[in-house]
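Undergrad: Task: produce atomic coordinates for the following.
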Amino acid sequence: MSICRQLGWTASIFAIGIVASAAQAQNDEDVPINSGEPAASPQEDTSYTESQDIIVTGIRASQRASIDAKRNLGVIADVLTAEDIGKFPDKNVAEALQRVPGVVINREFGEGERVSLRGTAPNLTKTLVNGHGIATADWFVLEQLAATRSFNYLTLPSEIVGQLEVYKSPQADVEEGGIGATINVNTRDPLDLDAWTISASAQAVYSEKRDSFDPQASGLVSWKNSSETFGILIGGVYQKRKIRRDGVEVLGYFDYDVNGETVKVPSLIGSALFEQERERYGGNIGIQFRPSDEFELNVTGLYSKFNANNFNQNFLAWGSNALGGGGTLSSPTVRDGTVVSGRIDSIPGGRAAVYDAIDRTAFAETYSGDVDALIHPRDGTTIHLKAGYTEAHGDTVSQPFYEGGAPGGFTFDLTGRTPQVGFIGLDPTDPGDLAFDFGSLHQITNTDQEFYVYGDFEQELDLGPVTAIKVGGKYVDHNRDAAFLATTYGGFFLPLLANGCGGPCTSADFAGDLTPDDFLSNIASPGTLTNFFQVDRERLRSIYNGLPAAVRARIINPPENYSIRELSYGAYAMAKFEGTGYRGNLGVRVVRTEQRSQGNQIGIPPGPGTVNDNAFGVYLPITVDRSYTDWLPSFNIAIDITPDLIVRFGAARAIARPDYTDIVPRISLNPGSLTAAGGNPFVDPYRSNQADLSVEFYPDNETIFAAALYYKDIESYITDRIFQQNFPVQTATPNTSRCTLLNAADNLYDCTFDVNQRDNGPGGKNKGIELQASRRLFAGFGAILNYTYSDATIDGGGQVPGNSEHSFNATGYYEANGLSARLSYTYRSDFFITIDRAAPLNQTATDSLDGSLSYQLTPNIALTADAINLTNHKIVQFSGTPDRPRAIYDNGRQFYAGVRVRF
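TA: Residues are numbered from 1 along each chain as shown. So this is what the prediction gives:
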């Protein structure tokens, strides 16, 4: 289907909207239309006074401020403005950003955490706070180990945000790092608010899956003196929520011979129960001093902590181990190269079932502070100086891990809505049927730090169309450190097995109640495993933490311990120009990046420089230095075709640096699946030559109709090169088809792993179109619509991470007589996520319906209610083809109710 046909229906809607807009312009009685009249500045209070003393507040005020800010920006961008002090329309910043054209999110744990823009992965989007980068770290152990550059918005409460700017075309004075886009999060300034502005909110949140009510509250106080030369703003937020996610997972596929044909067989099929206690608290402070028009000083600080303790239990059928250990596959059904049903039996003493229970005490924490000075030594001259420091921690402080296993057999069927497993020769509800196979008490930490200083100088000119010259420079010192401290097989597990429970530990020593009665009730098919014994979380902690300190001692796990220091030096020069009916800028940014990566090479014999006394094996510390320089020209122009019609064009070269884990000399092992992931300190950054075109129609100050085209020629994607390599592993449950015994006394095996190592691959093209419309319709009703078509390809074939071909947002609202209601629907088509366990990880189309409601009891008090995922949409993932299901997750719905006050 051609792009014209795909967009035909959307274009028709937009055409109808434009006609309706023109008609309404003749009939609006409560909002006088003055084409081209700018709305109130988005930096002002979000109440707007029009002629005849008509007050526009809430959703309409937010839209008016956002439209006005977009109209006046010098680049192709979109803007979101808070409806009121401390009130964004969604529960975190990522959730709010998904309403912007071209932006999509994923709710794997029920709440958006990262954003993708214009067919790119989240790590190609740069996030700034008040104009500069902010440190980031993650709460989930896999992301802690991955050390990505993509910002996790769970650590940034939406209550502190005044406005979000999404820059889609680069310009020279905006920090580099975003090929998808650059997002600037603006907090509020006290001198822009009324003296003694006070707002607060309190809500109770109900999580459907957990059947739990929890509190959340936020507040802000802003004061300034009577001369409006000094002000201070303080905000705070506290949120608590218990969540549960029910899931069925297929963790990987492996090659197996069936009747002379090599096919894929599921490695692990599990029923997973994930529970978490989320607690987020923090605040921000802004101190503003403006004694005259010649000088202004801003001091800002931000702190946020996200406590994220979680417990994951997964009872799995272990096909790869059973067959790898000499078991049999019978009655197989093969579809498109995949065994989608059959029976697998292990040999006696082998493993057909494995049960993992992982208790994690985890958190993510972010803080930053900076000093920002604006100096105007004379008319037309501006000097801007800024310095700051930001730091983030993402730690799993303690990770008690239980693993049990049993021989036997199982039948499986992947052809229904949800994978089905039936065990033979063992009872998942009986802990006595599982041997205690393994235990550990690891600790994982991740630290991100950055110090920065930069300065800008701008001089207004009167040189024909050139109105100003702006130059600037920056220095950034960034450090990222990851540490994995692990208990050892012989030092921890064997003593635990021998006397950790007052004698040999058994699975019964850890057992608690059965899974909840409604576990998997919304996603299970007949035959799906829905009932097994749970590990008692407190008992697990007590047994492990009750061991002697010498047994609980941790040592470094070599491949997961690494550090990166990255120094970047940047400078730019930019000319601003303006004439009759046009304005724009032309500039170039030059950036030099110096990296030092330190990691550990494993799987090598002793030799010069190796560490030979580590219980996890011999390793060699490695340090790699490299540097590169990028010249990044940019050009932006806006042409006023009429007072209401603007055409914008932008062209630029952009870069996005690799994830930190990608540039580390390491290989990280997953012994359970015999897969591994590796870094490469010599991978180059993503580089893109790109062009953007936007046409924007503003018939009045509450309406926009816009269409944007984008094109990105990405020179080289960072991809995975998959190969096999052998590494030593200590295990009591080896896959004997891929593991050879080295030392029986230590249960040491030499095993073959499938390794996906990061490497520079071919380039590709991202191109697409964005359409948007926002309009107040009639009698308090209004609509906000946008649609994005994204065509992202890799030269020579392959899947582009993060790209959904279609995404759509529709928000309908009603606002009148103190009542404000909003219903928002979002959709994104299927997309490729990453390579996981040496195989593709994809997700089917996702959608969600969210709602919010508020009623103004008095001018200062409002009742509020919100709902997330009203349609109870499930997350469905697959591995390359739908015939290879990967996971189905049920996060349930969330409901909020409370009160807001403002004075």
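
Undergrad: what residue is smack in the middle of the protein?
TA: Centroid-nearest residue in the chain: R114, 2.0 Å away (criterion: Cα atoms, centre = their mean).

Undergrad: Which residues are in contact with that one?
TA: A94, I105, N106, P122, S150, F151, N152, Y153 (Cβ atoms under 8 Å, 6 or more residues apart in numbering). In short, each C-beta sits where N, CA and C put it, glycine included.

Undergrad: residues contacting the second one?
TA: Spelled out, that is I105. Shown here is I105, whose contacts under the criterion Cβ under 8 Å, 6+ apart are A94, E95, L97, Q98, G112, E113, R114, V115, S116.

Undergrad: before we move on, back to that, greatest separation within the contacts of R114: which pair is it?
TA: For these, the farthest-apart pair by Cβ to Cβ is N106 and F151; their separation is 14.3 Å.

Undergrad: Tell me which of these two has more neighbours.
TA: In this comparison of N106 against F151, neighbours counted by other Cβ atoms under 10 Å, the higher total goes to F151 at 29 against 21.

Undergrad: Am I right that the more buried one sits in a strand?
TA: No: in this structure, F151 is coil, not part of a strand, as judged by DSSP: H, G, I helix; E, B strand; the rest coil.

Undergrad: Quick check, it in contact with A137.
TA: No: applying Cβ atoms under 8 Å, one finds F151 not in contact with A137, separated by 10.0 Å.

Undergrad: out of the contacts of I105, which are inside strands?
TA: When DSSP state E is applied, the contacts of I105 are split such that V115, S116 fall in strands.

Undergrad: Out of the contacts of I105, which comes closest to F532?
TA: Checking the contacts of I105 against F532 by Cβ to Cβ gives E113 as the nearest, at 29.0 Å.

Undergrad: Okay, and Q63 sits in which element?
TA: When secondary structure is defined using DSSP states H and E, the element that contains Q63 is helix 58-72.

Undergrad: Run through this structure and note the low-pLDDT ranges.
TA: Across the chain, the ranges flagged by pLDDT under 70 are 1-57, 84-89.

Undergrad: how about 80 then?
TA: By pLDDT under 80, the weakly predicted segments of the chain are 1-58, 83-92, 155-160, 837-838.

Undergrad: In the longest strand along it, which residues are buried?
TA: Identified as the longest strand of the chain according to DSSP E is strand 435-463. Under the neighbour-count criterion of 16 or more other Cβ atoms under 10 Å, strand 435-463 has 435-450, 452-454, 456, 458 buried.

Undergrad: before we move on, the earlier item: return the member of the contacts of R114 nearest to I667.
TA: Among those, S150 lies closest to I667 (Cβ to Cβ), at 22.5 Å.

Undergrad: Tell me, how many residues neighbour the closest one?
TA: Taking other Cβ under 10 Å as the criterion, the count of residues near S150 is 24.

Undergrad: Same question for P291.
TA: Other residues near P291 number 11, with proximity taken as other Cβ under 10 Å.

Undergrad: my guess is it contacts T229, does it?
TA: Yes: here P291 lies in contact with T229, judged by Cβ under 8 Å, at a distance of 5.1 Å.

Undergrad: which secondary structure elements does the helix or strand harbouring Y281 contact?
TA: Taking DSSP H and E as the definition, Y281 sits inside strand 268-292. For strand 268-292, the elements it packs on are strand 230-250, strand 295-318, helix 319-324, judged by 3 or more Cβ pairs under 8 Å, 6 or more residues apart in numbering; DSSP states H and E.

Undergrad: how far is the second one from where the chain is centred?
TA: In this case it means strand 295-318. Chain-centre distance of strand 295-318: 11 Å, with Cα atoms, centre = their mean, to the nearest Å.

Undergrad: What strands flank it, and is each parallel or antiparallel?
TA: Here the strand partners of strand 295-318, with direction, are listed using DSSP bridges: strand 268-292 (antiparallel), strand 353-375 (antiparallel).

Undergrad: Could you dump these into TSV and include distance to P681?
TA: Output for the strands paired with strand 295-318, formatted as TSV (distance: least, Cβ to Cβ, whole Å):
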stretch	distance to P681
strand 268-292	32
strand 353-375	26
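
Undergrad: Compare the ones you listed and give me the one nearest F831.
TA: Among the strands paired with strand 295-318, the nearest to F831 by Cβ to Cβ is strand 268-292 (22.0 Å).

Undergrad: Can you give me the buried ones in that closest one?
TA: For strand 268-292, the neighbour count (16+ other Cβ under 10 Å) marks 268-288, 290 as buried.

Undergrad: residue boundaries of the strands in the stretch 401-550 of the chain?
TA: Along the stretch 401-550 of the chain, the stretches classed as strands by DSSP state E, counting those that start in this stretch are 409-413, 420-424, 435-463, 466-486, 511-514, 533-535.

Undergrad: what's the last one packed up against?
TA: Other helices and strands packing on strand 533-535, by 3+ Cβ pairs under 8 Å, 6+ apart, are strand 511-514.

Undergrad: Paired strands for the strand it packs on, with orientation please.
TA: Strand pairing for strand 511-514, using DSSP bridges, gives strand 533-535 (antiparallel).

Undergrad: Many thanks, we can stop here.
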